[in-house]
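[1] Structure of the sequence below:
(one chain, ligands or ions: 1)
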Amino acid sequence: MTPAPIAVALDAPDLETAARWASLVTPHVSTVKVGLELYLRYGPDVIASVRGASGVQVFLDLKLHDIPNTVAGAARAVTRLKPSILTVHASGGSAMIRAAVDAAGPQTQIAAVTVLTSLSEADLAAIGLEGRPDDSVRRLAALAVGAGAQALVCSPREVAAVRAEVGPGITLITPGVRPVGADTQDQARVATPEDALLDGADLLVIGRPITGSPDPGAAAATIAAALRKVDVSRSAGDASRAR
Ligand SMILES: O=c1ccn([C@@H]2O[C@H](COP(=O)(O)O)[C@@H](O)[C@H]2O)c(=O)[nH]1
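    Below you'll find the predicted structure:
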């Protein structure tokens, strides 16, 4: 069975737990995601540990954000680990995103994080970004794609608008995914896995709803099975879908 387009966020306190989660979920999902917690604690070795023998794709979510020369150096340093995806913050600007794209090897897609899914409209206003989150997300998405980003991170609430803005061919990645009834925790802009897929997401980032389960393998299998039932011909990219 083809693994579901899910990146499981391995936000674990230790390497053993992360490797165990990875081995439990990899039969069901395409990707595992290593973030700051694990990478800062264990460094590059963590990639081989979670990749294991399965050959699952590894998404390195470091959200680089610095001057272009520094981001280029960091991207060069980590792309030797061959992550399939590496994140930078879109708000770092065009030159920074371009520097990351140029420095990354051909096997690594640079994904630009538009607006963190933990931020609400009120949070955005407090940092000077007035208006609906969609407006900031679409503006940053267009800027990042113009600078060469091959992938974008946004919430599932904006994914249809982002697809309309950037067209096909750009990988859209959505954290902030919660099955019906699941606790939203610190996520502000959320939607269900089914809606994220229907609205045009290519890869769903899901962490605690899977890793917080007593059986992460079963939780991943349940979400993967639900996604297989989604009729993607009704997706946002399909003009025949009533919206
Ligand atoms: O805007 C963003 C960008 C990245 N993330 C990361 O995704 C996961 C989400 O984990 P959950 O447990 O499903 O909330 C986490 O690793 C974040 O660092 C994000 O949430 N939002």
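[2] before we move on, which element is Leu60 in?
    Element membership of Leu60, judged by DSSP states H and E, is strand 57-64.
[3] Surely Thr192 and Val177 touch.
    Yes - Thr192 is within contact range of Val177, at 7.2 Å (criterion: Cβ atoms under 8 Å). Heads up, the C-betas are built off the backbone N, CA and C, glycines and all.
[4] which of those two has more neighbours?
    A count of neighbours by other Cβ atoms under 10 Å puts Val177 above the other of Thr192 and Val177, at 27 against 18.
[5] Show me what residue of the protein gets nearest to the ligand.
    Nearest to the ligand in the chain, going by Cβ to the nearest ligand atom, is Gly207, at a distance of 2.6 Å.
[6] from memory that residue sits against Asp11, does it?
    Yes - Gly207 is within contact range of Asp11, at 5.5 Å (criterion: Cβ under 8 Å).
[7] coming back round to it: if the closest residue to the residue of the chain closest to the ligand other than its chain neighbours is in a bridge, with which residues?
    Closest residue to Gly207 apart from its sequence neighbours, by Cβ to Cβ, 6 or more residues apart in numbering: Ala9 at 3.1 Å. Beta-bridge partners of Ala9, counted by DSSP bridges, are Lys33.
[8] One more: Ala4?
    Val29.
[9] do you know how far it is from Leu204?
    Going from Ala4 to Leu204 by Cβ to Cβ, to the nearest Å gives 8 Å.
[10] Give me the more crowded residue out of the two.
    Between Ala4 and Leu204, counted using other Cβ under 10 Å, the more crowded position is Leu204 (29 against 23).
[11] strand partners of the strand or helix carrying that one, parallel vs antiparallel please.
    Following DSSP H and E, one finds Leu204 within strand 203-206. Take DSSP bridges as the rule and strand 203-206 pairs in its sheet with strand 4-9 (parallel), strand 171-174 (parallel).
[12] how about those strands in CSV, adding mean pLDDT and distance to Ala99?
    Output for the strands paired with strand 203-206, formatted as CSV (pLDDT from 0 to 100; distance: least, Cβ to Cβ, whole Å):
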stretch, mean pLDDT, distance to Ala99
strand 4-9, 98, 24
strand 171-174, 98, 20
